[in-house]
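A.B. asks: Requesting a structural model of the entry that follows:
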Amino acid sequence: MRHVKIGWKAYLSISVALLAIAPAPLAGQPLPERPGGSRPVQLAKPRIAPLPEAQWTDEHKQRIAKFLPPGSRPGNSFRTLLNVPELVDRTMLFHNYITQASSLTPRVRELLIMRTAWLHGSDVIWRERVPFARKAGLTNEEIRRIAQGPAAAGWDPFEANLLRMTDQLFRNSFVNDDVFKTMAARYDTCNLMDAGMTVADFASLALLYNTLGVQPDDAPAADRMPLDIPYKVDVPQREATTLKAPRAVPMAGKGANNPRTFGLCPALAKARNGSGYVNQVSMLGKTGRDRDRELLILRIGWDSQSEYEWSEHVGPVGEARKMGLPIERITMGPEAPGWDAFEANLLRFVDEMYRDSVVSDRTWNALKERYDDRLMIDATITPANYRMVSLALNILGVQSNPGEEKLPAVPSR
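C.D. replies: Numbers count the residues shown, from 1 in each chain. A predicted model of the protein is given here:
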């Protein structure tokens, strides 16, 4: 074999060319900035308009009668959901359990709900819940104090701890041992699950309403979110969210750890089992767009550092590897080399929702180039719903099932 000599300049040119075409090494990247850096932006107009009464069919009227109190008129949030009646079914069944039938006292429910609304900047939810908060015994001064947070003077220590739990779930997707142990000293397993799921459910609704641009209903000034109170989220840095042992030991028997954990609280499990819109109804699953759906789910699982959620969807039970999705690249985020422009925007859609509690006009419009209104609703509920699932799994320390892939490590910044 003859050896050809080349000059150093030619060698350098060839090396640069090879580097340009070589694939970049794939490795997990630091997470996006954590939520709550500044007050979430409230959109000035809806992206998906509430369904006008003139367009209500018997199908829509049946949902109103089923899920709303007799004689009440649906507000903007419910009328927005009416655009997809099946979404009403799957969303409101669990929502009504959380707000009316859980094991928590009405006062605790409203504390958790309204603090979650404040953190996500959802004046829609805040205005809806103020009358219920007053009915639960919260005074106007206490309602304002919810916005001031757990460090405000006047809270009972246990209630302050519940607000800390809410803040930690929002900021860290996790609750540290001190806060959890304080809750567990007074609460049984169903109380603990219901508290975590109350925050998780309303986090999901806030992300959905914010991103769809649902506008607040008219309300007296005293019922509106108090924007004169500075926006502040003060919690410790996140601890490792993947616990080595569950905080709630699953029921004995066969099957996945998720249903066997929530089966410890039968009423919650029954209500939760009716909420499978994303995987059973969404057009992202029915129209050959299941790759898009899995990208949205895995990215919010990564952002939330939910090992169980990640493991379930990667494989071997999950579909992501079977679809040929570049799993490692999902951890790198939308700026990683190799994504086409639309897939990068799907990941960006999730990251903005996670970090800012709302999706920017730029990213929304980028998806609108390919998706109609129904698909935009489905694209929004997918990460919003799996944000809820991730928070619930993380706070309870639900362990991934045997044989499933673990969550990749996050490099330090």
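A.B. asks: Helices along the stretch 51-200 of the chain, start to end?
C.D. replies: Under the criterion DSSP state H, counting those that start in this stretch, the stretch 51-200 of the chain contains helices at 58-67, 76-81, 85-96, 106-119, 123-135, 140-148, 157-172, 177-184, 189-212.
A.B. asks: Would you mind giving those helices as CSV with distance to Lys406, mean neighbour count and mean pLDDT added?
C.D. replies: All C-beta spots, glycine's among them, are computed from the backbone N, C-alpha and C. Listed next are the helices of the stretch 51-200 of the chain as CSV, based on distance: least, Cβ to Cβ, whole Å; neighbours: other Cβ atoms under 10 Å; pLDDT from 0 to 100:
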stretch, distance to Lys406, mean neighbour count, mean pLDDT
helix 58-67, 39, 14, 96
helix 76-81, 36, 24, 98
helix 85-96, 29, 19, 94
helix 106-119, 29, 24, 98
helix 123-135, 35, 21, 98
helix 140-148, 38, 18, 98
helix 157-172, 19, 22, 98
helix 177-184, 21, 16, 97
helix 189-212, 23, 25, 98
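A.B. asks: Could you say which one of those helices comes nearest to Pro408?
C.D. replies: For Pro408, the closest of the helices of the stretch 51-200 of the chain is helix 157-172, at 18.3 Å, according to Cβ to Cβ.
A.B. asks: just checking, what packs against that closest one?
C.D. replies: If you count contacts as 3 or more Cβ pairs under 8 Å, 6 or more residues apart in numbering; DSSP states H and E, helix 157-172 packs onto helix 106-119, helix 177-184, helix 189-212, helix 373-396.
A.B. asks: so which of those gets nearest Lys45?
C.D. replies: helix 189-212 (11.2 Å).
A.B. asks: about what we covered before: quick one, which of the helices of the stretch 51-200 of the chain gets closest to Val249.
C.D. replies: Minimum separation from Val249 across these (Cβ to Cβ) falls at helix 189-212, 9.3 Å.
A.B. asks: where does the chain dip in pLDDT?
C.D. replies: Scanning the chain for pLDDT under 70 picks out 1-29, 240-241, 317, 411-413.
A.B. asks: surely Leu208 meets Pro383?
C.D. replies: No - judged on Cβ atoms under 8 Å, Leu208 makes no contact with Pro383 at a distance of 9.6 Å.
A.B. asks: any chance of the helices and strands packed on helix 157-172 in a markdown table, with distance to Leu298 too?
C.D. replies: Listed next are those as a markdown table, based on distance: least, Cβ to Cβ, whole Å:
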| stretch | distance to Leu298 |
| --- | --- |
| helix 106-119 | 24 |
| helix 177-184 | 26 |
| helix 189-212 | 17 |
| helix 373-396 | 9 |
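A.B. asks: Which one, of the ones you listed, ends up nearest to Pro52?
C.D. replies: Closest among the helices and strands packed on helix 157-172, using Cβ to Cβ: helix 373-396, at 14.3 Å.
A.B. asks: Okay, buried residues for that closest one please.
C.D. replies: 374-396 (16 or more other Cβ atoms under 10 Å).
A.B. asks: And for stretch 229-238?
C.D. replies: Neighbour counts using 16+ other Cβ under 10 Å place 233, 235, 238 of stretch 229-238 among the buried residues.
A.B. asks: can you list the residues that contact it?
C.D. replies: Identification of contacts with stretch 229-238 by Cβ atoms under 8 Å, 6 or more residues apart in numbering yields 34-36, 38-39, 119, 121, 144, 147-149, 151, 164, 167-168, 170-174, 176, 305.
A.B. asks: got the contact list for stretch 183-192?
C.D. replies: If you take Cβ under 8 Å, 6+ apart as the criterion, stretch 183-192 is touched by 103-104, 158, 161-162, 165, 180, 195, 247-248, 264-265, 267-268, 396.
A.B. asks: Looks like Gln305 contacts Leu31 (just checking).
C.D. replies: Yes - Gln305 is within contact range of Leu31, at 7.2 Å (criterion: Cβ under 8 Å).
A.B. asks: Identify the contacts common to these two.
C.D. replies: With Cβ under 8 Å, 6+ apart, Gln305 and Leu31 have common neighbours Val410.
A.B. asks: Quote the end-to-end distance of stretch 224-243.
C.D. replies: Start and end residues of stretch 224-243 are separated by 39 Å (Cα to Cα, to the nearest Å).
A.B. asks: Hmm, I typed the wrong one, I wanted stretch 267-277.
C.D. replies: Distance across stretch 267-277, first residue to last, is 19 Å (Cα to Cα).
A.B. asks: and it, which residues are buried?
C.D. replies: Neighbour-count burial for stretch 267-277, counted by 16+ other Cβ under 10 Å, picks out 268-269, 271-272, 275, 277.
A.B. asks: Quick check: Asp292 touching Ala379?
C.D. replies: Yes - shown here, Asp292 and Ala379 form a contact pair, counting by Cβ under 8 Å, at 7.4 Å.
A.B. asks: any common contacting residues for these two?
C.D. replies: 284, 346.
A.B. asks: Mind checking which of the buried residues of stretch 229-238 land in strands?
C.D. replies: Within the buried residues of stretch 229-238, no residue falls in strands by DSSP state E.
A.B. asks: Could I get these in CSV, plus columns for distance to Ile48?
C.D. replies: Shown next, in CSV, are the buried residues of stretch 229-238 (distance: Cβ to Cβ, whole Å):
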residue, distance to Ile48
Val233, 28
Val235, 32
Arg238, 33
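A.B. asks: Closest one of the residues you listed to Gly255?
C.D. replies: Among the buried residues of stretch 229-238, Arg238 lies closest to Gly255 (Cβ to Cβ), at 30.1 Å.
A.B. asks: Check the spacing between that closest one and Asn172 real quick.
C.D. replies: Distance of Arg238 to Asn172, computed by Cβ to Cβ, to the nearest Å: 4 Å.
A.B. asks: overlap in contacts of those two?
C.D. replies: Contacts common to Arg238 and Asn172, judged by Cβ under 8 Å, 6+ apart, are Arg34.
A.B. asks: Skipping adjacent residues, who's closest to Asn83 in space?
C.D. replies: Once flanking residues are discounted, Asn83 sits nearest to Leu51: 5.3 Å by Cβ to Cβ, 6 or more residues apart in numbering.
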